[in-house]
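S.K.: Build me a model from this:
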Amino acid sequence: MKFIDTHCHFDFPPFEGDISGSLARAAEAGVEKIIVPAIDASRFERVCALAAAQPALYAALGLHPIVIENHQEAHLDQLETLLQQRPRKLVAIGEIGLDLYRDDPQFDKQQRFLEAQLKLAKAYQLPVILHSRRTHDKLAQILRRYDLPRRGVVHGFAGSLQQAQAFIKLGYAIGIGGTITYERASKTRQTVAQLPLSSLLLETDAPDMPLQGFQGQPNRPERARQVWEVLCSLREESPEEIADALWHNSQQLFQLDPAFPALRN
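M.R.: The predicted structure follows:
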């Protein structure tokens, strides 16, 4: 079996101090490719450098709503400058989105930065990696206004079946991570069991979103395999069919392979 971790913050500890060892551990578990989304402008160059230096790593660049206070209008210009240069292994704009978890979410600013980055995704024909906490309906409403040519993925999904179906109807994939490893997450587990396999992607969100049994420890990309194992227990398809579909879905969305050549302006 081979897997793609479509969401891993490999530019953070514990990975940045042990790049080769962490990649080796991932490869031993069958995780052959990893997408690394940036969260703010200060990390753009680091993420691009990692992707350029490591065959298994791919870059995504974006301004994350969870650190909305860090973002300035100039950072959007910085992002567009990098998009114009189009580093070879830049495969998405992300992590971007909306978040109402914080006490002071600065939601108007979040929406402004999200929409600016959706416009960039459309202009440069890149998919988006979307963060959404307590904002699924609002995010879907915004996405309806933008006809992105490459769509994207709603990562770390933990909403309802109806919310997932709304995103899928718009053409977006659903990112499946460690939440499904918790038996108490019955709503999410029931939802992923019913969604079309063609709309699912595998992810860890490492070092965040620890799996059941690993609470209090940094999450790691090799644990994508364990997420897949739990997903197999929830669905009717064979493990081989599920693994093949997750691989193909990721390749097709992010165009990580020559079989899916990247679109150019």
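S.K.: that's a strand at A59, yeah?
M.R.: Yes. Using DSSP: H, G, I helix; E, B strand; the rest coil, the assignment for A59 is a strand.
S.K.: Which strand residues bridge it?
M.R.: V36, L90 (DSSP bridges).
S.K.: is it true that it touches I93?
M.R.: No. If you go by C-beta atoms under 8 Å, A59 and I93 don't touch, sitting 10.4 Å apart. From N, CA and C alone the C-beta is placed, and that goes for glycine too.
S.K.: quick one: low-confidence parts of this protein?
M.R.: By pLDDT under 70, the low-scoring segments of the chain are 258-265.
S.K.: Please repeat the previous calculation with a cut-off of 80.
M.R.: Residues of the chain that meet the criterion pLDDT under 80 lie in 257-265.
S.K.: got the residue ranges for the strands in it?
M.R.: 3-5, 31-37, 57-61, 90-99, 128-133, 152-154, 173-176, 200-202 (DSSP state E).
S.K.: measure the closest residue to P87 other than its chain neighbours to R220 for me?
M.R.: In space, and not counting its chain neighbours, P87 is closest to C48: 5.0 Å by C-beta to C-beta, 6 or more residues apart in numbering. Going from C48 to R220 by C-beta to C-beta, to the nearest Å gives 22 Å.
S.K.: Could you do R151 as well?
M.R.: 28 Å.
S.K.: Repeat that for S238.
M.R.: 26 Å.
S.K.: Show me which of those two is the more surrounded one.
M.R.: Between S238 and R220, counted using other C-beta atoms under 10 Å, the more crowded position is R220 (23 against 10).
S.K.: contacting residues for that one?
M.R.: The contact partners of R220, by C-beta atoms under 8 Å, 6 or more residues apart in numbering, come to S22, R25, A26, T204, A206, P207.
S.K.: Would you convert those into CSV that also reports distance to L118?
M.R.: CSV is the format used below for the contacts of R220 (distance: C-beta to C-beta, whole Å):
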residue, distance to L118
S22, 32
R25, 35
A26, 31
T204, 25
A206, 26
P207, 27
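S.K.: ok, and the most crowded of these?
M.R.: Result: T204 is most packed of these (other C-beta under 10 Å), 30 neighbours.
S.K.: Please verify my assumption that that one contacts G178.
M.R.: Yes. At 6.6 Å, T204 counts as touching G178 under the criterion of C-beta under 8 Å.
S.K.: okay, and the common contacts of these two?
M.R.: Counting by C-beta under 8 Å, 6+ apart, the residues touching both T204 and G178 are N219, R223, V227.
S.K.: Among these, name the ones in helices.
M.R.: V227 (DSSP state H).
S.K.: could you dump the shared contacts of T204 and G178 to TSV with distance to Y101?
M.R.: Listed next are those as TSV, based on distance: C-beta to C-beta, whole Å:
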residue	distance to Y101
N219	18
R223	23
V227	22
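S.K.: quick one: which of the shared contacts of T204 and G178 has the most company?
M.R.: Going by other C-beta under 10 Å, R223 tops the shared contacts of T204 and G178 with 27 neighbours.
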